[in-house]
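Visitor: Need coordinates for the following:
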Amino acid sequence: MDVRNASPRIRGDQTWQRKAACAVAVEVARDPDLFFPEMAADEERIAQAKRICSTCQVRRICLDASLEQGDTYGVRGGMTEAERKVARHRFELRCDPARVAAALLGRDVFLTRAERLALIRRAARSGTSTLRVASVLKVSEAHAKKLLRVERRTVETDGPRPSVTAQNAPEVSRT
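Guide: Below you'll find the model as predicted:
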């Protein structure tokens, strides 16, 4: 399974776990807490968990799910808590057009702040209904209307906006 070309995971979908290397690893049967070492200094157990992750066909999905959910304990997607903390910043900057398109088509996928902004921009340009935007962003219809109005005004006065970056990705709050 090539997870790079897979469609975005639906929020809450855990079916990928059946394909996880840790679900069938003999080491996990012997030590059920292998992926949850007691101390960060337990380097041997961490290395063993990471070796299992390195062979996993759904490692990227596991890591994304962990980052989306804010997991702070254990080895997930081949990373420790500390490593995921560093990766979290890069993850929050992600702006994947395929995820935005999937969300606009009605798939309930997790969107980063940058992806939420890209969705608003795309919806404003394409004339997507306020109700659809509200549903996708899980905000009130009034709030979605305001987001679209602000985006359209910005484009009218300033011209097309540059791509979303960490510096220009404002918070898209949920109301």
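
Visitor: Every contact and neighbour count from this point should use C-alpha atoms.
Guide: Noted.

Visitor: can you list contacts of the lengthiest helix in the chain?
Guide: The single longest helix within the chain, with elements called by DSSP state H, is helix 141-158. Residues from elsewhere that reach helix 141-158 (Cα atoms under 8 Å, 6 or more residues apart in numbering): 120, 121, 123, 124, 125, 130, 131, 133, 134, 161, 175.

Visitor: and the first one, which of the three is it?
Guide: Meaning residue 120. Put simply, residue 120 is helix when judged by DSSP: H, G, I helix; E, B strand; the rest coil.

Visitor: Residue 78 is in contact with residue 47, isn't it?
Guide: No. Under the criterion of Cα atoms under 8 Å, residue 78 is not in contact with residue 47, lying 9.5 Å apart.

Visitor: So the two - more neighbours on which side?
Guide: Neighbour tally, residue 78 and residue 47, criterion other Cα atoms under 10 Å: the higher count belongs to residue 78, 23 against 16.

Visitor: who touches that one in this structure?
Guide: If a contact means Cα under 8 Å, 6+ apart, then residue 78 has 49, 50, 51, 53, 54, 59, 63 as its contacts.

Visitor: Counting neighbours, what do you get for the second one?
Guide: Burial of residue 50, expressed as a neighbour count using other Cα under 10 Å, amounts to 19.

Visitor: Quick check: it touching residue 59?
Guide: No. The pair residue 50 / residue 59 is not scored as a contact, 10.3 Å apart, by Cα under 8 Å.

Visitor: related to what we said a few turns ago, just the buried ones out of the contacts of residue 78, please.
Guide: Using 16 or more other Cα atoms under 10 Å as the burial test, those include 49, 50, 53, 59, 63 as buried.

Visitor: closest to residue 100 among those?
Guide: Distance to residue 100, by Cα to Cα, is smallest for residue 63 among these, at 19.4 Å.

Visitor: host element of the closest one?
Guide: helix 59-69 (DSSP states H and E).

Visitor: List the buried residues for that helix?
Guide: Quick answer for helix 59-69 (16+ other Cα under 10 Å): 59, 60, 61, 62, 63, 64, 65, 66, 67, 68.

Visitor: One more: stretch 92-99?
Guide: 92, 93, 94, 95, 99.

Visitor: Spatially nearest residue to the last one (excluding sequence neighbours)?
Guide: Leaving out its chain neighbours, the residue that sits closest to residue 99 by Cα to Cα, 6 or more residues apart in numbering is residue 8, at 5.9 Å.

Visitor: how close does that neighbour get to residue 33?
Guide: Noted for residue 8: a distance of 29 Å to residue 33, by Cα to Cα, to the nearest Å.

Visitor: Looking at those two, which one has more neighbours?
Guide: residue 8 (20 against 14).

Visitor: hang on, isn't that one packed against residue 111?
Guide: No. Shown here, residue 8 and residue 111 do not form a contact pair, counting by Cα under 8 Å, at 10.0 Å.
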